[in-house]
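1. let's see this in three dimensions:
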Amino acid sequence: MIKDFFLTLVRNRKSLAGLCILAFFVFVAAFAPLLAPHPAKADRVVTTKLVKAETGDPETVAEGEASDVREVETYRVTTVREYEKTTDYFPLKAKPGKGHPLGTNHAGQDLFSQLVWGTRVSVSVGLATGLFVTLLSLTLALVAGYAGGILDDIISFFTNVFLVIPGLPLIIVIAAYVAMKGVLPIVLILGLTGWPYPTRLLRAQVLTLKSRDFVRVSRSLGERPSFVIFREILPNMISIVMAEFFASSMAAIMGEASLEFIGLGNVTVVSWGTILYWAQANGALLSGAWWWFLPPGLCIALLGTAFVLVNFGIDEISNPRLRKR
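-> Model prediction:
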């Protein structure tokens, strides 16, 4: 079942294109230290030069950002007499050019490097939140739909209460009173506010499958509830579960960018949202500095497009009328 699911995604051209785009962003996020020419917050390049005792000729032994340069004592060089450091500061608010493909920001930090490092944070927040929401909503849906009774009433009650509350204002209120240290609080906030709708949808699917003949036969044969859930019900929900995962991931990326843009997130962490925040705070929109705000916006839109394209393949799996022979 799972093998057929992924084969269908690959055979669908739209979903294959979406998977390729998603794989590209995951690759950039995983290898950000190798792809980014500078650290996320580097505003200068420091070159350390050593002078040999015998000849007195300078020799460059370490080159990189200030955070990467190690002191001379860490090198096992016995003939070194002295060393010196030369500092080259990046220009402030520079336009795209040689050495800085996307220019620099107000602090003289390379925007291309920040975009690459921000991919790691934004994609991680999106996928982690999507996984958290999917697991939480799926667990609640299976318990409520299969067990029924008072458990179903309690879960349905809280689900309906959270569905009535507007999502974005609730996120803003919670984020205003939570100390943002790293990205984990953002993942928890987005996850704990994004579970009601997927739970409602997945619960309806569980109730539908629960009434099917093959599930009734398994229950009448005395099969354990775990066997019925994981062998009969869950495999037939894989398409809708994956659809909810991609939808929750995209909602999390948009939510994280929104929180960072309005200043309620951790603006010290470099992400697509914080790049947009500092661009807005320093008048990039008014001055026409497109290289500052357009690339992260395009990345968010492109990643959202990837999720939508993947959902085309999921629709083909879940809807028999769309399946090709």
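
2. okay, CA-based contacts and neighbour counts for the rest of this
-> Noted.

3. show me where the stretch 51-200 of the chain has its helices.
-> Using DSSP state H, counting those that start in this stretch, the helices of the stretch 51-200 of the chain run over residues 111-142, 149-164, 167-177, 184-193, 196-210.

4. okay, those helices, which one's buried deepest?
-> Across the helices of the stretch 51-200 of the chain, the average number of neighbours (mean count of other CA atoms under 10 Å) peaks for helix 111-142, which reaches a mean of 24.

5. which helices and strands sit right next to that one?
-> The contact analysis (3 or more CA pairs under 8 Å, 6 or more residues apart in numbering; DSSP states H and E) places helix 111-142 against helix 13-30, helix 32-35, helix 184-193, helix 196-210, helix 238-261, helix 272-281, helix 290-318.

6. now the angle from the last one to helix 111-142?
-> Spelled out, it's helix 290-318. 30 degrees (axes from the mean of the first three to the mean of the last three CA atoms, to 10 degrees).

7. okay, angle between helix 290-318 and helix 13-30 too, please.
-> Using the same axes, to 10 degrees: helix 290-318 against helix 13-30 is 130 degrees.

8. in helix 290-318, which residues are buried?
-> Using 16 or more other CA atoms under 10 Å as the test for burial, helix 290-318 gives 291-293, 295-296, 300, 302-318.

9. repeat that for the first one.
-> Of the residues in helix 13-30, those buried by neighbour count under the rule 16+ other CA under 10 Å are 14-19, 21-22, 25-26, 28-30.

10. the closest residue to I155 other than its chain neighbours and G130, how far apart?
-> In space, and not counting its chain neighbours, I155 is closest to A144: 6.5 Å by CA to CA, 6 or more residues apart in numbering. To G130, A144 is 21 Å away according to CA to CA, to the nearest Å.

11. now do V161
-> Using CA to CA, which is the criterion applied here, V161 is 21 Å from G130.

12. with M254 instead?
-> Distance from M254 to G130, by CA to CA: 12 Å.

13. next: L92.
-> Taken as CA to CA, the span from L92 to G130 is 37 Å.

14. grab the most central residue of the protein for me.
-> Among the residues of the chain, the one closest to the centroid is V123, at 2.1 Å (CA atoms, centre = their mean).

15. who's in contact with that one?
-> F25, V26, A29, I253 (CA atoms under 8 Å, 6 or more residues apart in numbering).

16. kindly report the same for K14.
-> Per CA under 8 Å, 6+ apart, neighbours of K14: L309, V310, F312, G313.

17. ok, T134 next?
-> Taking CA under 8 Å, 6+ apart as the definition, contacts of T134 comprise W195, P198, V241, E244, F245, S248.

18. need the max-distance pair from these.
-> Largest separation among these by CA to CA: W195 and V241, giving 12.6 Å.

19. now do the domain split for this protein, please.
-> The record's domain parsing of the chain by automatic domain parsing lists 2-34+107-322, 45-89.

20. now the end-to-end length of the last one.
-> What it means is domain 45-89. 6 Å.

21. taking the mean pLDDT, what do you get for it?
-> Domain 45-89 carries an average pLDDT of 51.

22. show the contacting residues for the nearest residue to W117 once chain neighbours are set aside.
-> Ranked by CA to CA, 6+ apart and with sequence neighbours excluded, the top spatial neighbour of W117 is A32, at 5.7 Å. Going by CA under 8 Å, 6+ apart, A32 touches V116, W117, R120.

23. in contact with the nearest residue to I186 once chain neighbours are set aside, which residues?
-> In space, and not counting its chain neighbours, I186 is closest to E256: 6.9 Å by CA to CA, 6+ apart. Applying CA under 8 Å, 6+ apart to E256 gives the contacts S122, V125, I186, L190, G265, G273.

24. which two among these are spaced furthest apart?
-> Taking CA to CA as the measure, the contacts of E256 span a maximum distance of 14.6 Å, between L190 and G273.

25. can you find the helix or strand of this structure with the lowest average pLDDT?
-> When the helices and strands of the chain are compared on mean pLDDT, DSSP states H and E, strand 58-65 comes out lowest with a mean of 45.

26. ok, S271 touching S113?
-> No: counting by CA atoms under 8 Å, no contact exists between S271 and S113, whose distance comes to 10.9 Å.

27. where does the prediction get shaky in the stretch 101-250 of the chain?
-> Within the stretch 101-250 of the chain, the segments meeting pLDDT under 70 span 180-182.

28. could you redo the last one with a cut-off of 80?
-> The stretch 101-250 of the chain contains residues with pLDDT under 80 at 166-183, 222-223.

29. for F157, give its distance to I150.
-> Counting by CA to CA - F157 and I150 are separated by 10 Å.

30. my error: substitute V269 in the last question.
-> From V269 to I150 the distance is 44 Å (CA to CA).
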